[in-house]
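**Student:** What follows is a predicted protein model with its sequence.
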Amino acid sequence: MEKAVLKMRGIDKVFPGVRALQGVDFTLCEGEIHALMGENGAGKSTLIKVLTGVYAKDAGEIFLGDKPVTIKSPQDAQNMGISTVYQEITLCPNLSVAENMFIGRTNGVIQNWKKMNEDAGKILNELAIPAKPAQQLASCSIAVQQMVAIARAVDMDCKVLILDEPTSSLDEQEVAKLFKLMRDLKAKGVGIIFVTHFLDQVYEVCDKITVLRDGQLVGQYEIKDLPRVQLVSKMLGKELDDMSDIKSEGGSYDRKEGETPVFESKNLSSTEAIYPFDFYINKGEVNGFTGLLGSGRSECVRAIFGADRNLSGEKFRNGKSVKISKPIDAMKKGIAYLPEDRKVDGIVGDLSVRENIILAYQVLKGAFHPFSKAEAYKFADEYIKLLDIKTASADTPIKSLSGGNQQKVILARWLLTHPDYLILDEPTRGIDVGTKVDIQKLVLKLASEGMAVTFISSETDEMLRTCSRLIVMRDRHVVGELTGDDLNQNKIMSTIAGGDSNGK
């Protein structure tokens, strides 16, 4: 008989205008890895925040073992053996790695810094995390910061470990290390709640799946009893329209002889240590940068947009030399850029959905030419409807929306500027399957209408579905370019492994 380490029964949570959870049940057993699945807005993060004391539940009961408990704060949860690693890294970048691992755990006692660093070093070595205890966290990559957050959580004496999208910033080797760690903890009897949008990862490491939809429980299933097509169907509440129809639209772009690119760069480099590269994109084309984590994908598009200072190179718009040294220059030239990290570089959390949508267009118009209230609402309502943004109203603070709907708001912001060249860096990271399909279809629709789109995703399948040409990166070099029959996963991997800096 499996022994339950956690039971949640009849959990309700209501926010103004939104019933986020309605009578949700959830059971986690000892030594079990349990996937919590659902679209963005399904209630996954809300359920986790109720469990960890971030939100107070409006109804229902929580049991650890057979004992009912009241969790009023994250500290309560931690004291009860519930450790959490959230999707967005919640550490202090100005502190050292060791300080982040032990912050809040000294009980008011003066810290022995030498011992803290030694203890941190042992944990980092055990988990093969490439960071030093005294190193400032801000100097670490996003992936390493994520691993430090996981190290902090698992080092506590936890009975329940919650991992909320922990792999979204990790490469394949780091994911493999995390999965080994999860299996080791499972063997010790720890119950693990795993939230992810990577279906392959669910079927690789999980024992059970609980599906939520629209704040309600759809069901709990043994992994062997729920094929992935059925899982997606239950998450969406409808039969999945197979993504093969997307693939049939992708890869269809044919470059015309003598065509002038919408945008072109030559010998471009930046302060972010990318090697000089050449790049072009034509009207109606979807291309993309692909490569392993840290290969320089994002740095290339940031250099194009002027988000990072250029050290060398020329840029051309429709064949004419242009100066783009900062984002406003790019915006004025009809270039839009949806950044990789929506929390840091995208949304303005305390502003409304409406205010976030009109933000870029207002910058282009200038501070002395503000929108009328009627215009602002007209634009917001138009794009809320166009992109099917789930929000109570245009005046709802964007921070109240799910991650996928926040991403749609940022996309609406840039579409409102009517660009003819759109750069999308990880537009589907951390969002649900249904929204991913929506965004992929929208990208191809925009391209069919003549827009040039550069698309970056960590998911190779997604790149292959949407792009007709891929620029392959390794170690901040462009090492190849793939089109036509070469657009397949094996060719991408072999190019990454065997290409040289001249792309041969």
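**Tutor:** Looks like it arrived, so ask away.
**Student:** where's Lys266, which helix or strand?
**Tutor:** strand 263-270 (DSSP states H and E).
**Student:** For that strand, enumerate the helices and strands it packs against.
**Tutor:** Under the contact criterion of 3 or more C-beta pairs under 8 Å, 6 or more residues apart in numbering; DSSP states H and E, strand 263-270 touches strand 277-281, helix 297-305, strand 310-317. Glycine gets a C-beta too; all of them are placed from N, C-alpha and C.
**Student:** What separation do you get for the nearest residue to Ile71 once chain neighbours are set aside and Arg465?
**Tutor:** Residue nearest to Ile71 in three dimensions, not counting chain neighbours: Gly53, with 4.2 Å by C-beta to C-beta, 6 or more residues apart in numbering. Gly53 is 40 Å from Arg465, where distance means C-beta to C-beta, to the nearest Å.
**Student:** Each with direction, which strands does the strand holding Lys266 pair with?
**Tutor:** strand 277-281 (antiparallel), strand 310-317 (antiparallel) (DSSP bridges).
**Student:** Roughly how far does Thr210 sit from Val160?
**Tutor:** 14 Å.
**Student:** Likewise for Ile193?
**Tutor:** 7 Å.
**Student:** Quick check: neighbours shared by these two?
**Tutor:** Leu28 (C-beta atoms under 8 Å, 6 or more residues apart in numbering).
**Student:** and Gly53 and Arg465? which has more neighbours close in?
**Tutor:** Between Gly53 and Arg465, counted using other C-beta atoms under 10 Å, Arg465 has the larger neighbour count: 27 against 21.
**Student:** related to what we said a few turns ago, so what angle separates the directions of the strand holding Lys266 and helix 297-305?
**Tutor:** 120 degrees (axes from the mean of the first three to the mean of the last three C-alpha atoms, to 10 degrees).
**Student:** neighbouring contacts of strand 263-270?
**Tutor:** So strand 263-270 is contacted by 275-281, 299-300, 302-304, 308-317, 319, 335, 421, 452 (C-beta under 8 Å, 6+ apart).
**Student:** Okay, strands next: where are they in the stretch 301-450 of the chain?
**Tutor:** 310-317, 320-322, 335-338, 421-425 (DSSP state E, counting those that start in this stretch).
**Student:** Now the first one - C-alpha only, PDB.
**Tutor:** So the one you mean is strand 310-317. In PDB, the C-alpha atoms belonging to strand 310-317 read as follows (Å, rounded to 0.1, in the frame of the first residue of the first chain):
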ATOM      1  CA  ASN A 310      27.500  46.600 -30.700                       C
ATOM      2  CA  LEU A 311      31.300  46.300 -31.000                       C
ATOM      3  CA  SER A 312      31.500  45.800 -34.800                       C
ATOM      4  CA  GLY A 313      29.300  45.400 -37.900                       C
ATOM      5  CA  GLU A 314      26.900  47.100 -40.200                       C
ATOM      6  CA  LYS A 315      23.100  46.900 -40.300                       C
ATOM      7  CA  PHE A 316      20.800  47.300 -43.300                       C
ATOM      8  CA  ARG A 317      17.000  47.800 -43.600                       C
END
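**Student:** Tell me which residues are up against it.
**Tutor:** 261-271, 276, 303-304, 321-325, 333-334.
**Student:** Ok, the third one next?
**Tutor:** Outside strand 335-338, the residues within contact range by C-beta under 8 Å, 6+ apart are 263, 301-302, 304-305, 307, 324, 327, 330, 346, 360, 407, 410-411, 414-415, 417, 419, 421-425, 427.
**Student:** Quickly list what the closest residue in space to Gly313 that isn't next to it in sequence is bridged to.
**Tutor:** Of all residues beyond its chain neighbours, the one nearest Gly313 is Leu268 (3.3 Å), with distances taken as C-beta to C-beta, 6+ apart. Listed beta-bridge partners, Leu268: Phe277 (assigned using DSSP bridges).
**Student:** re earlier: show me just the buried residues among the contacts of strand 310-317.
**Tutor:** Using 16 or more other C-beta atoms under 10 Å as the burial test, the contacts of strand 310-317 include 261-265, 268-270, 276, 303-304, 324, 333-334 as buried.
**Student:** Which pair of the residues you listed spans the longest distance?
**Tutor:** Largest separation among these by C-beta to C-beta: Pro276 and Gly334, giving 24.6 Å.
**Student:** correct me, but Val472 touches Gly291?
**Tutor:** Yes - in this structure, Val472 is within contact of Gly291 by C-beta atoms under 8 Å, at 6.0 Å.
**Student:** Show me whatever sits in contact with both of these two.
**Tutor:** Val479, Ile496.
**Student:** Show me how far stretch 20-37 is from its chain's centre.
**Tutor:** Put simply, stretch 20-37 sits 22 Å off its chain's centre (C-alpha atoms, centre = their mean, to the nearest Å).
**Student:** Would you mark the buried spots in it?
**Tutor:** Those would be 20-22, 24, 26-37, for stretch 20-37 by 16+ other C-beta under 10 Å.
**Student:** ditto for stretch 426-433
**Tutor:** For stretch 426-433, by 16+ other C-beta under 10 Å, it's Glu426, Pro427, Thr428, Arg429, Gly430, Ile431, Asp432, Val433.
**Student:** ok, the residues you listed vs Val14, which is closest?
**Tutor:** Asp432 (21.9 Å).
**Student:** what sits against that closest one?
**Tutor:** Contacts of Asp432 by C-beta under 8 Å, 6+ apart are Gly38, Glu39, Asn40, Ala42, His197, Met235, Gly404.
**Student:** and if you look at Ala452?
**Tutor:** Counted by C-beta under 8 Å, 6+ apart, Ala452 has contacts Val262, Phe263, Ile281, Asn282, Lys283, Gly284, Glu285, Asp420, Tyr421, Leu422.
**Student:** now swap in Gly450 and tell me
**Tutor:** Counting by C-beta under 8 Å, 6+ apart, Gly450 has contacts Lys283, Gly284, Asp420.
**Student:** hang on, isn't the first one packed against Leu446?
**Tutor:** It refers to Lys283. No - using C-beta under 8 Å, Lys283 is not in contact with Leu446; the gap is 11.4 Å.
**Student:** Check whether the closest residue to Ala128 other than its chain neighbours sits in a helix, strand or coil.
**Tutor:** Nearest non-adjacent residue to Ala128, counting by C-beta to C-beta, 6+ apart: Lys177, 6.0 Å away. Lys177 falls in the helix class when you classify it by DSSP: H, G, I helix; E, B strand; the rest coil.
**Student:** Would you agree Lys177 is in contact with Leu127?
**Tutor:** Yes - at 6.9 Å, Lys177 and Leu127 qualify as touching, with contact defined as C-beta under 8 Å.
**Student:** Now do the shared contacts for the two.
**Tutor:** Met147.
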